[in-house]
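In: Next comes the sequence, and after it the predicted model I'd like to discuss.
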2 protein chains.
Amino acid sequence: MKSNLWIEEKHGDFLGMNYKVEKVLFSGKSKFQSVDVVQTKGHGKMLLNDGLVMVTERDEFIYHDMIAHVPLFVHPDPQNVLVIGGGDGGTAREVLRHPGVKKCTMVEIDEMVVEACRKFIPQTSKDLDHPKMNLIIGDGLEFVKKTKEKFDLILVDSTDPIGPAQPLFGKDFYKDIFNCLTDDGIVVSQGESGFYEVEMQKKLMSILNGLFPVSLLYNFSNLTYPGGLWSFTFASKGLHPLNDFKEERVKESGLKFNYYNKDIHKAAFSLPTFMKNNLSLFLKG
Amino acid sequence: MKSNLWIEEKHGDFLGMNYKVEKVLFSGKSKFQSVDVVQTKGHGKMLLNDGLVMVTERDEFIYHDMIAHVPLFVHPDPQNVLVIGGGDGGTAREVLRHPGVKKCTMVEIDEMVVEACRKFIPQTSKDLDHPKMNLIIGDGLEFVKKTKEKFDLILVDSTDPIGPAQPLFGKDFYKDIFNCLTDDGIVVSQGESGFYEVEMQKKLMSILNGLFPVSLLYNFSNLTYPGGLWSFTFASKGLHPLNDFKEERVKESGLKFNYYNKDIHKAAFSLPTFMKNNLSLFLKG
């Protein structure tokens, strides 16, 4: 007899997303959060932190394409990249596909996430031992406050602003980010849902708008985030994601992507009217 | 004591989307399908046919903006519009906002859907008695086979290809559609999910590609359809949705939209790489 096991992600008190589970592969509780890896029927292996879906094998390519390749193709020569969070390894994996990148530092607070993904989700974690990787288990907040290093690109691949990621949606953090970016640096951050998390999205954009000459936002479509439409914020000391995007570089790179392409790059910055209206005070560039 | 009532939409045997229900407003069974209207906690009133979410008050503007205004702003002078299905009335409502439209015929097979929406969802059904409306309760398939009328625009606002809508995903239907379009006519159809319904999407695009000089597809993001990312197909006897789109007409129209705008119009036709690959044989124009 096979058990009829389902996992539910609750969103507020009005929405639930349920996934059929074939096998629970890992279930732990770290200092920071609960960490689960399950084999689902429809989406391959799935990582959940505190019961929220972070990554599935079926759709992780979308998130990781869009957090990494948009800024990597805007910056003319990104060599030193910092990932804050991103414990599953998928963001670093995409960064490392660009041969011009000389070093990818990743600061993940929760070792249990990294170890669970190393063991059970090699699809995302496979490049965590890449020679250009500098993996640090530690607090991203502390790291950007103390480091003397300058980065061309910082990717804030965080969970939602509850639990350990809460300070990653604060102003002090982004002041430190500003300070450890090079003069043409870019920071891209997980930007929540324009449908369900409007206030959080406005708060984050307002912080970026106050600190950076360019503060914009772009969208992508994920299978397993509530509402489907999700955002990344884009802030920089000057580089513009469309005006400074040399689209021929995508072809010249020879890289193949399953979601990203030059048209998607440009289209992603076209916001639905209700999002433009919500964010009008904070979009700049 | 309040009951803890939830409604679940199942997708295949691996995904469920659950919505908190405050009140069941209507529950009936027509000749064609089950028809339910519920008051949800998070999405306003919701219409379900055969247990699948068709429309919610919270996000219906997205679907209806995108099925209607994309072709209405591509065609230079759409006067006679046919809607197949669309029993909730939202598509007709958007069509009728364009003052150049002289007549909007809507052929909905299931009177129970129309009556339930008239009574419980005035937000979508409010213009069903508009003086330019020609509402026919009948079979869209039969209608396009027999009518002598020619339409500038046909919008196939159908449910999924199970139940009564199944033949609306067939070749014979689209041959008849072709025949009752004017020489610069356009047909836009509910085009399913590029994630979960790849085969259905390919089948529909293959039919359109075989019949029409222009066969393309565009995306939008819905809150309450599985996976979020959803498509409309666009086929025409010659008009191209980007090359023949005079974007200044959007501003000149004076119409305000909550999702649609000129940038979204263009961005919607930029497909993620995996969709381009899946549909490469059938995209033309």
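Out: Yep, that arrived. Just so it is clear, the structure is predicted and the values come from calculations on it, not from any experiment.

In: Now for residue A:251, how many residues are close by?
Out: Counted with other CB atoms under 10 Å in any protein chain shown, residues neighbouring residue A:251 total 10. (Each C-beta comes from the backbone N, C-alpha and C, glycine too.)

In: Pull the residues that contact the helix or strand hosting it.
Out: Secondary structure assignment for residue A:251, by DSSP states H and E: helix A:248-253. Here helix A:248-253 makes contact (CB atoms under 8 Å, 6 or more residues apart in numbering or on different chains) with A:73, A:98, A:261, A:262, A:265.

In: what's the answer for stretch A:199-213, then?
Out: Here stretch A:199-213 makes contact (CB under 8 Å, 6+ apart) with A:161, A:169-171, A:174-175, A:178, A:187, A:189, A:191-194, A:215, A:217, A:231, A:233, A:235-238, A:278-279, A:281-285.

In: mind redoing it with 7 Å?
Out: With CB atoms under 7 Å, 6 or more residues apart in numbering or on different chains as the test, stretch A:199-213 has contacts from A:161, A:169, A:171, A:174-175, A:178, A:189, A:191-192, A:194, A:215, A:217, A:231, A:233, A:235-238, A:278-279, A:282, A:284.

In: how about the helices in the stretch 51-200 of chain A?
Out: Applying DSSP state H, counting those that start in this stretch to the stretch 51-200 of chain A gives helices spanning A:60-74, A:90-95, A:111-120, A:122-125, A:140-146, A:171-179, A:198-211.

In: re the thing from before, chain B next: which of the contacts of helix A:248-253 are close?
Out: The overlap between the contacts of helix A:248-253 and the neighbours of chain B (CB under 7 Å from any CB of the partner chain) comes to residue A:261.

In: List just the nearest of the contacts of helix A:248-253 to chain B.
Out: Minimum distance to chain B across these is 5.0 Å, recorded for residue A:261 (CB to the nearest CB).

In: and that closest one, how many neighbours?
Out: Other residues close to residue A:261 by other CB under 10 Å number 21.

In: nearest residue to it other than its sequence neighbours?
Out: Among residues not flanking residue A:261 along the chain, residue B:273 sits closest, at 5.0 Å (CB to CB, 6 or more residues apart in numbering or on different chains).

In: Distance of the closest residue in space to residue A:137 that isn't next to it in sequence relative to residue A:135?
Out: Distance criterion CB to CB, 6+ apart; nearest residue to residue A:137, sequence neighbours excluded, is residue A:111 at 4.7 Å. According to CB to CB, to the nearest Å, residue A:111 and residue A:135 sit 10 Å apart.

In: Now do the shared contacts for these two.
Out: Common contacts of residue A:111 and residue A:135 (CB under 7 Å, 6+ apart): none found.

In: Those two: which has the busier surroundings?
Out: When neighbours are counted by other CB under 10 Å, residue A:111 and residue A:135 differ, and residue A:135 comes out ahead with 18 against 15.

In: List the residues that contact the more buried one.
Out: A:106, A:128.

In: Per-residue confidence, residue A:226, what does it come out as?
Out: Turning to residue A:226, the model gives it a pLDDT of 88.

In: if I look at it, how far off is residue A:193?
Out: Distance from residue A:226 to residue A:193, by CB to CB: 7 Å.

In: Select only the buried ones of the contacts of stretch A:199-213 in ChimeraX?
Out: In ChimeraX syntax, the buried subset of these is picked out as below (16 or more other CB atoms under 10 Å in any protein chain shown):
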select /A:161,169,174,178,189,191,192,194,215,217,231,233,235,236,237,278,279,282
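
In: Could you say which of the helices of the stretch 51-200 of chain A is packed most deeply?
Out: Mean neighbour count (mean count of other CB atoms under 10 Å in any protein chain shown) peaks for helix A:90-95 among the helices of the stretch 51-200 of chain A, with a mean of 27.

In: Name the surrounding residues that touch it.
Out: So helix A:90-95 is contacted by A:55, A:60, A:64-65, A:67-69, A:72, A:81, A:83, A:86, A:101, A:104, A:106, A:124, A:126-128, A:133, A:155, A:157 (CB under 7 Å, 6+ apart).

In: Report the contact partners of the residue nearest the centre of chain A.
Out: By CA atoms, centre = their mean, chain A has its centre lying nearest to residue A:157, at 3.3 Å. Listed by CB under 7 Å, 6+ apart, the contact partners of residue A:157 are A:67, A:83, A:84, A:85, A:86, A:91, A:190.

In: List the buried residues for stretch A:44-64?
Out: By 16+ other CB under 10 Å, the buried positions in stretch A:44-64 come out as A:45-50, A:52-64.

In: Would you mind listing what in chain A touches chain B?
Out: Contact residues (CB under 7 Å from any CB) of chain A with chain B: A:12-20, A:40-42, A:195, A:221-223, A:227-229, A:257-261, A:263-264, A:267, A:270, A:272-274.

In: again, 6 Å this time
Out: Applying CB under 6 Å from any CB of the partner chain, one finds that chain A approaches chain B through A:14-18, A:20, A:41-42, A:195, A:221, A:223, A:227-229, A:257-259, A:261, A:263-264, A:267, A:270, A:272-274.

In: For the stretch 151-285 of chain A, which segments are assigned as strands?
Out: Taking DSSP state E, counting those that start in this stretch, the strands of the stretch 151-285 of chain A run over residues A:151-157, A:181-190, A:214-221, A:229-236.

In: Provide a list of residues in contact with residue A:36.
Out: A:27, A:48 (CB atoms under 6 Å, 6 or more residues apart in numbering or on different chains).

In: tell me which element it falls in.
Out: Assigned by DSSP H and E, residue A:36 belongs to strand A:34-40.

In: What pairs with that strand, parallel or antiparallel?
Out: If you go by DSSP bridges, strand A:34-40 pairs up with strand A:15-29 (antiparallel), strand A:45-49 (antiparallel).

In: Show me what the shortest one is in contact with.
Out: This means strand A:45-49. Applying CB under 6 Å, 6+ apart, the external contacts of strand A:45-49 come out as A:33, A:36-40, A:54-57, A:88, A:121, A:159.

In: mind redoing it with 7 Å?
Out: A:19, A:25, A:33-40, A:53-57, A:88, A:113, A:117, A:120-121, A:159.

In: For the residue of chain A found nearest chain B, which non-adjacent residue is spatially closest?
Out: For chain A, the residue closest to chain B is residue A:228, as judged by CB to the nearest CB, at 1.0 Å. The shortest distance from residue A:228 to any non-neighbouring residue, by CB to CB, 6+ apart, is to residue B:228 (1.0 Å).

In: Please apply the same query to residue A:163.
Out: Closest residue to residue A:163 apart from its sequence neighbours, by CB to CB, 6+ apart: residue A:33 at 5.0 Å.
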